[in-house]
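*Asks:* no sequence on hand, only this structure:
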């Protein structure tokens with residue numbers, strides 16, 4: 001997918017970091033380290049938090065790469081499926097003993113590495129992906145666990161509707177209310193009404209905000225707002241901007257392209273998992289009159305996302321962009337009963353290779369949508385990867 005950033009070699013030797021299981025005992029134990037945690041944060045000359053709907057991980061990685069190459073002593077925390085802490089280019093995997101992300105794990109990882117910062121003469125900088133998915137947890141990370149000098153807000157999309165708000169305005173309000181006094185926000189959200197709304201809310205709370213400027217040559221390119229947010233951070237810190245060639249190469253690399261298989265084309269847009277970003281991907285992939293076949297994978301714990309995608313595929317059907325949809329995972333019956341277009345269901349337990357074969361047999365390019373964090377989806381991605389390797393050279397892009 002296009003959510004990529006700087007790549008690192010996994011060197012031999014870096015120790016993994018184990019964080020506690022999510023429990024009441026665990027959080028009490030971690031919070032008793034509060035004084036030491038605040039002392040550790042003070043060792044960082046500049047703290048940056050990356051929030052927003054899409055592109056947080058790639059933006060965090062890109063920032064880490066830029067500041068590391070410029071000689072900063074850089075400490076970066078990345079959340080998600082593959083949580084890591086990066087210290088001056090050395091990647092340490094975070095091993096969670098529990099099944100879910102825990103907010104207080106930030107105390108553990110910062111506390112373990114902060115003492116090493118004093119060993120370097122360079123200026124220290126901490127970059128943290130904000131893992132909160134509610135207004136409260138997003139604010140808690142900003143105001144208590146990170147206390148950032150700069151917040152990058154990548155964009156505002158309709159995701160986590162159950163916890164952040166039913167509309168983009170409500171989601172924007174949740175993000176704006178998470179900002180502390182004295183914090184500068186660099187916002188990639190381009191919608192003028194949403195930006196003005198957040199500006200009023202953030203300034204009322206004693207913060208400041210600027211909107212990322214996208215030049216005409218990059219208008220409409222996927223990820224342009226996050227790429228140019230890097231330059232905005234550099235400018236705020238009185239650093240020189242990214243070289244034009246580096247910025248252009250990064251943007252070119254993250255534009256979506258079909259995965260070409262022996263029996264058809266596939267693109268996995270499930271990693272963006274919100275309808276606005278998925279529609280941007282669809283428009284970038286197809287011509288105006290080309291139809292696609294959606295395969296929407298559902299999770300039981302993402303009901304708001306499921307409802308958004310049900311409305312989205314109905315809209316695609318009304319506009320003639322699709323003839324039908326396939327759906328898999330949880331609650332497939334409810335999805336089918338609440339959409340107007342024909343829906344073919346693949347219930348939980350379906351074989352990934354069989355599902356892919358059924359999709360490609362329809363004869364239209366397949367766009368995977370919805371959710372990607374599931375064992376079935378990992379198996380599905382592996383099947384796609386295997387078939388891509390077996391595809392003849394004649395169908396691969398040059």
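*Replies:* Yep, that arrived. Please read these numbers as outputs of a predicted model, since none were measured by experiment.
*Asks:* in what helix or strand does residue 380 lie?
*Replies:* Per DSSP states H and E, residue 380 falls inside helix 375-390.
*Asks:* tell me what that helix is packed against?
*Replies:* Contacts defined by 3 or more C-beta pairs under 8 Å, 6 or more residues apart in numbering; DSSP states H and E place helix 375-390 against strand 259-261, strand 264-268, helix 352-360. C-beta coordinates here come from the backbone N, C-alpha and C atoms, glycine included.
*Asks:* chain center to it, what's the gap?
*Replies:* In terms of C-alpha atoms, centre = their mean, to the nearest Å, the centre of helix 375-390 is found 21 Å from the chain centre.
*Asks:* sorry, back to before: okay if I get the helices and strands packed on helix 375-390 as TSV plus distance to residue 313, mean neighbour count and mean pLDDT?
*Replies:* Listed next are these as TSV, based on distance: least, C-beta to C-beta, whole Å; neighbours: other C-beta atoms under 10 Å; pLDDT from 0 to 100:
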stretch	distance to residue 313	mean neighbour count	mean pLDDT
strand 259-261	21	19	95
strand 264-268	16	21	95
helix 352-360	14	17	96
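*Asks:* so which of those gets nearest residue 240?
*Replies:* strand 264-268 (36.0 Å; C-beta to C-beta).
*Asks:* sketch out the low-pLDDT regions of the stretch 51-200 of the chain for me.
*Replies:* Scanning the stretch 51-200 of the chain for pLDDT under 70 picks out 80-82, 95-122, 131-144, 158-166.
*Asks:* before we move on, back to that, may I see the buried residues of the helix holding residue 380?
*Replies:* By 16 or more other C-beta atoms under 10 Å, the buried positions in helix 375-390 come out as 376-377, 380-381, 383-384, 387.
*Asks:* before we move on, back to that, and of the helices and strands packed on helix 375-390, who's closest to residue 63?
*Replies:* strand 264-268 (25.0 Å).
*Asks:* direction included, what does the closest one pair up with?
*Replies:* strand 259-261 (antiparallel), strand 366-370 (parallel) (DSSP bridges).
*Asks:* please list the residues outside it that contact it.
*Replies:* 1, 256-259, 281, 285, 356, 359-360, 363-368, 372, 381, 384 (C-beta atoms under 8 Å, 6 or more residues apart in numbering).
*Asks:* check stretch 286-294 too.
*Replies:* Under C-beta under 8 Å, 6+ apart, the answer for stretch 286-294 is 282, 285, 313, 316, 320-326, 359, 362, 364-367, 369.
*Asks:* apply 6 Å and report the result again.
*Replies:* 313, 321-322, 325, 362, 364-367, 369 (C-beta atoms under 6 Å, 6 or more residues apart in numbering).
*Asks:* just the ones of these in helices?
*Replies:* Counting by DSSP state H, the part of the contacts of stretch 286-294 found in helices is residue 313.
*Asks:* selecting buried members of the contacts of stretch 286-294 in PyMOL, what would you type?
*Replies:* Buried members of the contacts of stretch 286-294, defined by 16+ other C-beta under 10 Å, are picked up in PyMOL with:
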select buried, resi 313+321+322+325+364+365+366+367+369
